[in-house]
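Q: I'd like to go over a predicted model; first the sequence, then the structure.
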Amino acid sequence: MDHSPLSSEALQKIGRNVVVLQKMEGLLKELLVVMDIAGGVDELSDLLNERRESISKRSLGLVAGDLFDKIFSEPIEPICNAEPSSSWLSFQYREGRSEVFIESIKKSFQEFIAGRNELIHQRLLAFDAASDDSCWELISYLDAQYENVTPLRDFLIGRLRSASEMLTAMPHIIKQVIAKDDPSE
């Protein structure tokens, strides 16, 4: 089937937005995986994989709710099922922010979820690739949607970077403490 240049542009922008929206959902889910880690040193990899698998099956709305229940909350007492005599690790990523900021991020997430659902469940169903009017209408919607989700995507990437930097810095910090307190050096 041949498509007009306008129809091809609409189809390309559908692809762009769907990929960006799915990647954002993936970022959100990965952030939930790493923001609360607690377990025996020998089992951390398996625990993270199990957590990743469990979270991957949850809906976007539920996962977004989970994020807000955790990221702006106070740290909780770590729970670890490791043997009492074994070594274990606990890591929690939290952020302290103003109520205004939290509400703006919540609103952005609500708009992101509603916009994603509207695109997939309504706009694409109504789209007629053979109609210039339908193409223009969808292109306009897709461009606005792409612009609107960019700050939220940047927020998610920034939080993952922060969590990653903290986790990456831990071994270096521990080595510095050991070196400082090691009498043999």
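A: That came through fine.
Q: show me where the chain has helices.
A: 5-35, 44-56, 60-70, 99-118, 124-126, 132-181 (DSSP state H).
Q: reformat those as TSV; add mean pLDDT.
A: Below are the helices of the chain laid out as TSV (pLDDT from 0 to 100):
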stretch	mean pLDDT
helix 5-35	94
helix 44-56	90
helix 60-70	88
helix 99-118	91
helix 124-126	96
helix 132-181	90
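Q: out of those, which is closest to Ser87?
A: Nearest to Ser87 among the helices of the chain is helix 44-56; the distance by C-beta to C-beta comes to 10.5 Å. C-betas here are computed from N, CA, C, even on glycine.
Q: which other helices and strands does that closest one contact?
A: Here helix 44-56 touches helix 5-35, strand 36-40, going by 3 or more C-beta pairs under 8 Å, 6 or more residues apart in numbering; DSSP states H and E.
Q: for those, which one ends up most surrounded?
A: strand 36-40 (a mean of 19; mean count of other C-beta atoms under 10 Å).
Q: now that strand against helix 60-70, angle please.
A: Put simply, strand 36-40 runs at 80 degrees to helix 60-70, going by axes from the mean of the first three to the mean of the last three C-alpha atoms, to 10 degrees.
Q: and strand 36-40, which strands flank it?
A: Using DSSP bridges, the strands paired with strand 36-40 are strand 88-92 (antiparallel).
Q: ok so, going back, okay if I get the helices of the chain as CSV plus distance to Ile76?
A: CSV is the format used below for those (distance: least, C-beta to C-beta, whole Å):
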stretch, distance to Ile76
helix 5-35, 11
helix 44-56, 16
helix 60-70, 9
helix 99-118, 18
helix 124-126, 41
helix 132-181, 16
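Q: what's the closest of those helices to Ser90?
A: helix 44-56 (10.4 Å).
Q: list the contacts of that closest one.
A: Lys29, Glu30, Leu32, Val33, Val34, Ile37, Gly39, Val63, Leu89 (C-beta atoms under 8 Å, 6 or more residues apart in numbering).
Q: and the residue nearest the centre of this protein?
A: Leu28 (1.5 Å; C-alpha atoms, centre = their mean).
Q: and Asp69, how far is that from Val33?
A: 15 Å (C-beta to C-beta, to the nearest Å).
Q: next: Asn49.
A: Taking C-beta to C-beta, one finds Asn49 at 9 Å from Val33.
Q: how about Phe72, phi and psi?
A: The phi/psi pair for Phe72 (degrees, to the nearest 10) reads phi -100, psi 10.
Q: does it touch Ser98 like I think?
A: No - here Phe72 does not reach Ser98: they are 9.9 Å apart, not a contact under C-beta atoms under 8 Å.
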